[in-house]
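> next input, structure requested:
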Amino acid sequence: MLKLEQAKRQGEWLAIPWTEAGSAGAGSAGDTPKAGSHPHLMRQWLLASSLFPDKWVGRLFSVGGIRWEGSSLLLLMFPRANVDKDKLYVLAKQPPAAGSPTVPVLYEDDYCLVLDKPAGMPVHEAFAGQRGTLDEAAARHCMERGDPLPVRHIHRLDEDTSGPVLYAKNDLAQLRLDEAMREKAIDRRYLALVKGHLAKRSGTINLPIGKDRHHRARRIVTPGGDHAVTHYETMEQLYGASLLRVQLETGRTHQIRVHLSHLGHPLIGDGLYGGDTRLLKHQALHGERLLFAHPWTGEQIEVLSPVPEWLQAAMNQLRRF
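Numbering: from 1, shown residues only. Model prediction:
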């Protein structure tokens, strides 16, 4: 039986101890491979055990990433990225772009990285070679730690939205976290400062969202759009504005901005959707909380992002009236 809870990283490899105690448990399907077993037999045994995605086991087998040594199974879990070819590391090796802000790390281990994205920083490049993205900052962070893993974002935030962004640091983590996103198992909650006071202090907005044919950058509520569900709760009523806590059930482009604007309560600063830009020059939207199952242990990981100075200042201003 494989002792997954005792697995330890050894450089690029993950060593998982095996014990003969008990006849059931992780990896108890069929006869156990022995040291020196042909990789094909180990691959077949791993597929039968259903411990890992078949796609990932196939990738490992194709690069010689499955070994059995002594009483441990070794898996090539943490291969280093090629810093001379991986486009993010090619950018990360250069000095940071002028004016690039410091990006705090909210959570990190060998499998995941959560960065606290500032407002005004894009998550990924809009054109080849674009500098100053959060992806570049993630790669630079890993490189500076001497551990250049193939870091990839799992979800995104609008350029002017701040808050936690989750990254996978290896292929298994990416496969499992991508699946969690598809199954809506990653919980994302936001703080939104909106115009006016909502008729209902809490509620659910279940309205489809699609592209605006008359404005390529905008999205609108439209019968032919994609299913979109947003939950909200009023946290505080301010002068001519409300602070909401918002939870996404789906993840459509500009979903929170579109839904709240459709209700007649656009985000403060969101000029694209009718928000007042006198107090802020970008939408008042901040990712407050991220909750996800760890891709190796299954443990629920909760990551909190502090209220940014720009949002705190806007709320304080509206409290003074």
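> buried residues in stretch 71-90?
Within stretch 71-90, the residues that count as buried by 16 or more other C-beta atoms under 10 Å are S72, L73, L74, L75, L76, M77, F78, P79, A81, D86, L88, Y89. The way it works is simple: take the backbone N, C-alpha and C, and place the C-beta from them, glycine included.
> same check on stretch 196-209?
L198, I205, L207, P208, I209.
> need the max-distance pair from those residues.
L198 and P208 (20.7 Å; C-beta to C-beta).
> how about the strands of the stretch 51-200 of the chain, start to end?
Assigned strands in the stretch 51-200 of the chain, in chain order: 66-69, 72-75, 105-108, 112-117, 152-153, 163-168, 187-195 (criterion: DSSP state E, counting those that start in this stretch).
> worst mean pLDDT among the ones you listed?
Among these, strand 66-69 carries the lowest mean pLDDT, a mean of 88.
> packing partners for that one?
helix 39-49, strand 72-75 (3 or more C-beta pairs under 8 Å, 6 or more residues apart in numbering; DSSP states H and E).
> by contact count, what packs against the last one?
Under the contact criterion of 3+ C-beta pairs under 8 Å, 6+ apart, strand 72-75 touches strand 13-17, strand 66-69.
> what's the answer for the first one, then?
If contacts are counted by 3+ C-beta pairs under 8 Å, 6+ apart, helix 39-49 sits against helix 54-62, strand 66-69.
> other SSEs contacting the longest one?
Read it as helix 54-62. Applying 3+ C-beta pairs under 8 Å, 6+ apart, we find helix 54-62 packed against helix 39-49, helix 171-182.
> what lies in contact with the last one?
Pointing back at helix 171-182 there. Here helix 171-182 makes contact (C-beta atoms under 8 Å, 6 or more residues apart in numbering) with 52-53, 55-56, 59, 77, 111-112, 150, 152, 154-155, 166, 168, 186, 251, 292-293, 295-296.
> report the buried members of the residues you listed.
Using 16+ other C-beta under 10 Å as the burial test, the contacts of helix 171-182 include 52, 56, 77, 111-112, 150, 152, 154-155, 166, 168, 186, 292, 295-296 as buried.
> closest to A314 among those?
After measuring the buried ones among the contacts of helix 171-182 against A314 - C-beta to C-beta - the closest member comes out as H155, at 25.1 Å.
> ok, back up a step: could you export the buried residues of stretch 71-90 as a markdown table, including distance to I256?
A markdown table is the format used below for these (distance: C-beta to C-beta, whole Å):
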| residue | distance to I256 |
| --- | --- |
| S72 | 47 |
| L73 | 44 |
| L74 | 45 |
| L75 | 39 |
| L76 | 40 |
| M77 | 36 |
| F78 | 36 |
| P79 | 37 |
| A81 | 33 |
| D86 | 33 |
| L88 | 28 |
| Y89 | 33 |
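> looking at those residues, which two lie furthest apart in space?
Of all pairs in the buried residues of stretch 71-90, the most separated under C-beta to C-beta is S72 and L88 at 32.1 Å.
> how many neighbouring residues does the closest residue to A168 other than its chain neighbours have?
Counting by C-beta to C-beta, 6 or more residues apart in numbering, A168 lies nearest to Q174, which is 3.8 Å off, once chain neighbours are set aside. Using other C-beta atoms under 10 Å, Q174 has 20 neighbouring residues.
> same question for the one 10 residues further on.
Neighbourhood size, K184 [other C-beta under 10 Å]: 13.
> how much space separates the closest residue to it other than its chain neighbours from H294?
Leaving aside its sequence neighbours, K184 sits nearest to E249 (C-beta to C-beta, 6+ apart; 6.4 Å). According to C-beta to C-beta, to the nearest Å, E249 stands 22 Å off from H294.
> cool, G225 as well?
Taken as C-beta to C-beta, the span from G225 to H294 is 34 Å.
> quick revisit: nearest to Q237 among the buried residues of stretch 71-90?
The closest of the buried residues of stretch 71-90, once distances to Q237 are taken by C-beta to C-beta, is L88, at 43.2 Å.
> which residues are in contact with the closest one?
A81, D135, E136, A138, A139, V151.
> for the fourth one, which non-adjacent residue is closest in space?
Leaving out its chain neighbours, the residue that sits closest to A138 by C-beta to C-beta, 6+ apart is V151, at 4.8 Å.
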